[in-house]
Structures are given as C-alpha cells and as structure tokens.
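[1] Take this sequence and fold it.
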Amino acid sequence: MSSFLNDIDLSNSDLCEVEYFEIVLADLHPTYGRLAIADLAIPIFRRRRIMAARFHNPVARPWWKLGCYLKQSIPAPVTIDSSGSIEVTRWRIPLYQRTTNREQLIFFPDSSPRVWRLTASIPRWHLEAHITVWRYIRELPPSFWQTINVVENKVDQILERLSNRNT
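    Just a heads-up that it's a prediction; the model follows:
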C-alpha cells in the first residue's frame, strides 16, 4: 500500500468525506440480558475506490483489539450460491481507542461490479458500536490506478470462471 494512505487525516474535508455513520446498541432481552449485535448492512451510495472505516466502542476493555469485520459482497445467481451473494473480500477493522489515534483502516473496495454490498460483522462482546465509513475524494496518480486495475481484472476473471462453470 502506498505510504501516503497510511497518513490520511480523515478529519480533513479536503481529503475525505463521511459516507456513513451509525451508533448501534445491542438489544436487551428480558431473560438473557444483552444479545449480540446482528450483522449490519452499510448503505454506500457514492462508491469510491478508496475508503476508510473506523469502529469505536466507548466502553471497550483495554485488551480488546478487534472492532469488527467489514465484508464486501456482490449479488450472485442462486445457481452459484443459495444465499444470493458472494463475499468478495473481508477487512479486519481494529478497535479505535483514543490513546492510539491511528486506529482506522484504509480499504479498497472492488468497484468493478456495479452493485456491491458492505456488511459489518460485530463480535459478540461488543454491546455498543460506533461505525464510520469515509470515502477518499482526492484524485490519485495514474500509476496507482494501474495497480488497482490489475487486481480488478483478476477478480473479474475469477467471477467469469465461476459463472461459466455453473452454466
């Protein structure tokens, strides 16, 4: 990954814009207490090829490191997968703690499919979740996009082979 991406200031509105923010609390069950937070569908309307995510829990224990997993999936024909979607990639989002201000993840969603979904899977020990997703709005050098295009072409080839095998 290019070194400048590690140093992006997400609060700088010249570089990034918040695409999604939500605070989620675990449901309270009368018998079992707090239940685990269910997987959360994250609507992304203005897709970009570079995004960032942060997971924060204000009451997290100091030894907790994992925030959540973000999964990117695309719709799939039922003949390929009965659930109706194929997971393209998964990112591990670290838990943001105020003492280490750099706990966010820059990720590169595969933008070749026209329609894709982003889902957050939150570990059961988190009873509160603050999830923020940013999109990078600056332009990048052409050499960077050439590398991304090579990866996207490989993903397209794999998906094409899967669909050909099942027809």
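
[2] Tell me which residues touch residue 21, please.
    Counting by C-beta atoms under 8 Å, 6 or more residues apart in numbering, residue 21 makes contact with 130-133. Quick note: C-beta positions are derived from backbone N, CA and C, even for glycine.

[3] let's go with 7 Å and repeat that
    By C-beta atoms under 7 Å, 6 or more residues apart in numbering, the residues touching residue 21 are residue 132.

[4] Same check on residue 34?
    By C-beta under 7 Å, 6+ apart, the residues touching residue 34 are 26, 28, 127.

[5] 8 Å instead?
    By C-beta under 8 Å, 6+ apart, the neighbours of residue 34 are 26-28, 127.

[6] Now tabulate the residues you listed in TSV and tack on secondary structure and distance to residue 64.
    Shown next, in TSV, are the contacts of residue 34 (DSSP: H, G, I helix; E, B strand; the rest coil; distance: C-beta to C-beta, whole Å):
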residue	secondary structure	distance to residue 64
26	coil	15
27	coil	20
28	strand	21
127	coil	12
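
[7] And the helices in the protein?
    3-6, 142-165 (DSSP state H).

[8] before we move on, back to that, I'd like to know which of the contacts of residue 34 are buried.
    Among those, those buried by neighbour count (16 or more other C-beta atoms under 10 Å) are 26, 127.
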